[in-house]
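**Q** pasting the sequence and the predicted coordinates here, then a few questions.
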Amino acid sequence: MRLLKLLYLFLVETGQSIWLFLTGKRKRLVGNRNMTKLILSTGNIVSGGPSIIRKPGAYRSNLELTNSLRSNFLAAQEDYAAAAADDDGEAQDGKSQANGDAENGAAKSNGNALHVNTATGGRPPVSVWTAERDGVLYIPRIDWSEAGLQEEPSQYNITVKLFFLPSASVDRRAQFAKEALDLVLKELGAPAVDLLIVSFPGMSFEGDCEWEADRQNAVQGNDEEELATWAAIEDLHRTGLAKSIGLAEFGSEKLARFLQKVQVRPAVNQINIKNCCNVPPPLTKLAKEEGIELLAHSDCTDILPEGTLRELLGQGLGGAGILADPDTGVGGLKGDLAPQWVVKYTAVVRDRGVIENKGYFAGAELTEA
Amino acid sequence: MGLLALGTALDWPEAKTRAHHVRAWGIKQLLEIWNKAKVKERDAMLWGDEVEYLVVTYSKDEPKVLLSLRQADILAALADDKTLAKEVTPPASPGGTKPKEKYPSPVFHPEFGRFMLEATPGKPWGIDFKELLHVEPDMKLRRAIAKDHMLPNEYPITLTTFPRIGSPGVFTDPHYPVSGPKLRSQFVPDEIANPHIRFPTLAANIRSRRGRKVQVNVPVFRDENTPWPWKDPTVNYDLHNWPEDGDVRNGAAPDNFIHMDAMAFGMGSCCLQITFQAKNITEGRKMYDQLSPLGPILLALTAATPIYKGFLADTDVRWNQISKAVDDRTAEELGEKPLQNDRWRIPKSRYASNSTYISEDPRLREEYLDPNLVIDPEIKQQLLDGGMDDRLATHFAHLFIRDPIVIFNEDLEVLDLSKTDHFENIQSTNWQHMRFKPPPADNNIGWRVEFRPMEIQITDFENAAFSVFMVLITRVILSFDLNFYIPITKVDENMETAHKRDAVLQEKFWFRRNLFSSRPSRGSGSGTTTPRSGGGSRANSRPPSPIGPVEDEYKLMTVNEIINGEDDDGEFPGLIPLVESYLDSVNVDVATRCQLARYLDLIRKRANGELWTAAKWIREFVKGHEGYEKDSVVSEEVNKDLVGKVIEIGEREAKGEGFRGLGAGVEKLLGGF
């Protein structure tokens, strides 16, 4: 952690002048469109150090997501700045090749400016460590050549959990689900996932005791919206992309109502309760009768609030320097930021219980005023 | 205890002349299996636990509790029981899930002590989380089956040692006189050992090779009324049956130490051992190395051995006593005499903490290895010539500095490369705290690693908790690619520290500060076979992680910090939070997670002092007994009541009624579980 703090300070002290140059560039890239889609990613966090550690007592938390995004942004800035400096050296020797990485698109053609930036020790320009393609800005850029699992996909149990965020349009959830799943399948090099769990906004198990929590849960969320979304998830199951599908945070009453109206029943219901030994008895009973497995988890449902995302991408301490400073207007992209979905994926080697790959993608939209 | 083939066991002077023969053939067998198995891949994670019991005869109406020597009869009764032959339906696990299918009956094995039993599950465990919950019911089932095949007044108990073994008077049933020809002990009879020829020969040949009896001296605990200096009142200086009876007249029993003189005092201890199968040899070598620094921590955390020969000791664990009880080193090897006949000085007993790291992990720095490691250079060369890499060859060339102790004449006629008996002869008498196990000769199981330091716990709940915890730790190490390396000499130091009274709370241990490996930089990933133009230069542009002095990599930490993590400002995450992070990342049903949380809770509380170790509980039991006179003596009466309480705890557990209300401080041992 100490190292991260140092890096933050280092990044904050520099960078502003570079951003003047960059904002111009970015506008040109984006052209006249007033909407930019952002895809944030953590890469594989399982061997990525301390961001995986759950602090004792943090039973409902999004720290893993935010910490691992932050550390991946920093790492990408570090790696690509160094690489860009090298590329620049090669360019000056006349050996520059067409940068073969099509995924990286427009990102690789700014040699001299980079040289200046890295020489002055600045925060590397956004274009160096992010990539834009077809109107989507990848933060950081993704090297798909590193994607895939070590053994064939059938050796793994792949679980994906998709969080629909409260600020995003319900009508577009089907599209979000497809986008998110496609990214995960590409990242893992797998044709399908074993379990796709969907998490709807506004649901949890609160209250002083398990009965109370179950009762409160009954009036949370929005049944109609959840059913409409579920139809899209059923489609992903029918097309074979998700071998089984599941829910999160459904109490006994909500679950009972839900089951009456769905075509494909959820295989699991993932719940987060302070003490996993205190499952509401009606829920235990219903799950048993209906053959739905109750899984434990420790995520929170509002996993990426707008304010958090803004901090992650902003100019402040620990921010990635993508967004303009809201007060001065200096430093990057402007507009309304709307987080839409987050997807968490985990690939566990089936008969060895070893987590080989775990990470997150997050989708957001930036609309210029 | 490994090999139990029958035959003519050679006495030491003759065995010694054949030692080289056994080693030479052992190395050939090792190379054979290594060549066959080094390419084995993708073996499943399977694992097994071993629980060892003392068998005692106890009755409320009898004044004494005794060790029962009916091991052979009990094993015969178990073997003859047709209803046990194949399968049993396991009882429901505490989490409530009842296993649907039957599974193979547990297996019972003889042990060194004739008062001991060992039991293992009928088939290895997998890594399915629900299956982890079958461990505890299976352990309970084993204990129940064992009890069912004993006399009504016999009980299998899981104390590490019998508190009054070797005390003057009667402590076995039946009683035998001491000072027999094999052990020549003035405290225990030859009949204390399993009568299978292997065991008395092992004991006799260790004594004979050593040139005197083993000397197991444990510092006595000094209480208010303990005379000081303390002279072990049970030592007989006037015995003249055997030449070795002179040992005590020549200083074998120093002041302030409880003196013991036979293998039974060590190998009669019960342990909790776990063996893991790795996916391949590389993963096995990695697990061996990474689990090694955890050994002393788990030893301190499971401490359960505060009494020897009827006296409170000033140490809490069994380890060094076993080490001394099988120490076959000669005076020359010990450095007491100049080397003339022997080949080298040997710093450790055959039973000791690890001396090698064996992985080819790039994170393993030369500085972690023991600079004074003793190896047999000729054997190492043979292994290198056979194609083995330097690090593994060094490991086996270190194990092979030892002589085989028990040699059966029949085995020396023809070298059979379809067996591993000669290799195992050396390998299985190197009792280090980890063991790296090649596949058996038929190559039908994988490379395995055994974790050996843990002390057996009084209840099966605790034994299951520690077993499952270690299983989860291995998954955490492999998933998060953790790095526990510290210099191996620091692990030795920790092993000594773990012996101190209440080390779990009072002592600090060397431990690595940062468990995480440095992040791989982009473009240097293993998946890239054809680096694109940008990728190659990216990989090259990143300087290798700076490497500081080794001393900066580790520091002294308490067991609580290691297990539960450092307080707010500290960097060290703690093993339990790491296990919880792992469990957060895999699909676990709520009932299973609840039960696993109970196990983690026990370990958390043992580490932070909320609950006592068995060692502490036993000490407090003795101190609080009205018959205790604050003179370090654990009398027959105190011993009987202690064992009686242990039996009561066991009966409570068997009924599934929890441990509340048992009195005698049991709530400090087991809390609200």
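**A** On my side now, so go ahead. Values in this document were obtained by computation on a predicted structure and should not be read as measured data.

**Q** use CA for all of it now, contacts and neighbours both
**A** Noted.

**Q** what sits against the closest residue to chain A within the stretch 251-400 of chain B?
**A** Relative to chain A, the nearest point of the stretch 251-400 of chain B is B:Lys279 (7.8 Å; Cα to the nearest Cα). For B:Lys279, the contact set (Cα atoms under 8 Å, 6 or more residues apart in numbering or on different chains) comprises A:Arg352, B:Glu41, B:Arg42, B:Asp43, B:Ala44, B:Met45, B:Gly446, B:Trp447.

**Q** show me the helices in the stretch 151-300 of chain B, by range?
**A** B:198-210, B:264-267, B:281-291, B:295-301 (DSSP state H, counting those that start in this stretch).

**Q** with the stretch 151-300 of chain A instead?
**A** Going by DSSP H, counting those that start in this stretch, the stretch 151-300 of chain A shows helices at A:173-188, A:210-217, A:223-238, A:252-261, A:281-290.

**Q** in the shortest one, what's buried?
**A** Looking back up the chat, that one is helix A:210-217. A:Glu210, A:Trp211, A:Ala213, A:Asp214, A:Arg215, A:Gln216, A:Asn217 (16 or more other Cα atoms under 10 Å in any protein chain shown).

**Q** again with the third one
**A** In terms of neighbour count (16+ other Cα under 10 Å), helix A:223-238 has its buried residues at A:Glu226, A:Thr229, A:Trp230, A:Ala232, A:Ile233, A:Glu234, A:Leu236, A:His237.

**Q** how near is the fifth one to B:Ala352?
**A** Distance, A:Ile233 to B:Ala352, using Cα to Cα, to the nearest Å: 58 Å.

**Q** beta partners of the residue in the stretch 151-300 of chain A positioned nearest to chain B?
**A** The stretch 151-300 of chain A approaches chain B most closely through A:Leu295 (3.9 Å), counting by Cα to the nearest Cα. Using DSSP bridges, the beta-bridge partners of A:Leu295 come out as A:Gln270, B:Asp589.

**Q** my read: it touches A:Val268, true?
**A** Yes - with contacts counted by Cα atoms under 8 Å, A:Leu295 reaches A:Val268, the gap being 6.8 Å.

**Q** which helix is the longest one in chain A?
**A** For chain A, the longest helix by residue count, based on DSSP state H, is helix A:63-92.

**Q** near chain B at all, that helix?
**A** Yes - using Cα under 8 Å from any Cα of the partner chain, helix A:63-92 comes into contact with chain B via A:Ala75, A:Ala76, A:Asp79, A:Tyr80, A:Ala82, A:Ala83, A:Ala84, A:Asp86, A:Asp87.

**Q** including distance to chain B and mean pLDDT, could the helices of the stretch 151-300 of chain A go into a markdown table?
**A** Output for these, formatted as a markdown table (distance: least, Cα to the nearest Cα, whole Å; pLDDT from 0 to 100):
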| stretch | distance to chain B | mean pLDDT |
| --- | --- | --- |
| helix A:173-188 | 12 | 97 |
| helix A:210-217 | 14 | 88 |
| helix A:223-238 | 19 | 97 |
| helix A:252-261 | 15 | 96 |
| helix A:281-290 | 10 | 95 |
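
**Q** what's the closest of these to B:Pro254?
**A** helix A:210-217 (62.6 Å; Cα to Cα).

**Q** the closest one to helix A:252-261, inter-axis angle?
**A** Calculated by axes from the mean of the first three to the mean of the last three Cα atoms, to 10 degrees, helix A:210-217 forms an angle of 50 degrees with helix A:252-261.

**Q** list the contacts of helix A:210-217.
**A** A:203-207, A:250-254, A:278-281, A:283.

**Q** residue 220: what's it in contact with?
**A** Picking chain A for this. A:Gly202, A:Met203, A:Ser204 are the contacts of A:Gln220 under Cα under 8 Å, 6+ apart.

**Q** that's the other chain; I wanted chain B
**A** B:Trp230, B:Asn256, B:Phe257, B:Ile258, B:Phe311, B:Leu312, B:Ala313, B:Asp314, B:Ser632.

**Q** what's the neighbour count on the residue nearest to it when sequence neighbours are not counted?
**A** Leaving out its chain neighbours, the residue that sits closest to B:Val220 by Cα to Cα, 6 or more residues apart in numbering or on different chains is B:Ala313, at 4.3 Å. B:Ala313 has 24 neighbours, counted by other Cα atoms under 10 Å in any protein chain shown.

**Q** OK, contacts around B:Ala313?
**A** B:Val218, B:Pro219, B:Val220, B:Phe221, B:Ile258, B:Pro306, B:Ile307, B:Ser632.

**Q** show the backbone phi and psi for it.
**A** When quoted as degrees, to the nearest 10, the phi and psi of B:Ala313 stand at phi -100, psi 170.

**Q** distance check, it against A:Glu78.
**A** 57 Å.

**Q** same check, this time on A:Leu283
**A** Counting by Cα to Cα, the gap from A:Leu283 to A:Glu78 is 48 Å.

**Q** number of nearby residues for B:Gly609?
**A** B:Gly609 - counted by other Cα under 10 Å - has 16 other residues nearby.

**Q** does the nearest residue to it once chain neighbours are set aside count as helix, strand or coil?
**A** Closest residue in space to B:Gly609, ignoring its immediate chain neighbours: B:Leu505 at 6.5 Å, by Cα to Cα, 6+ apart. Classification of B:Leu505 by DSSP: H, G, I helix; E, B strand; the rest coil places it in helix.

**Q** what sits against B:Leu505?
**A** Contacts for B:Leu505 (Cα under 8 Å, 6+ apart) come out as B:Thr558, B:Val559, B:Asn560, B:Ala607, B:Asn608, B:Gly609.

**Q** please apply the same query to A:Pro339.
**A** A:Leu165, A:Ser167, A:Ala168, A:Leu304, A:Pro305, A:Glu306, A:Leu309, A:Ala362, A:Gly363, A:Ala364, A:Glu365.
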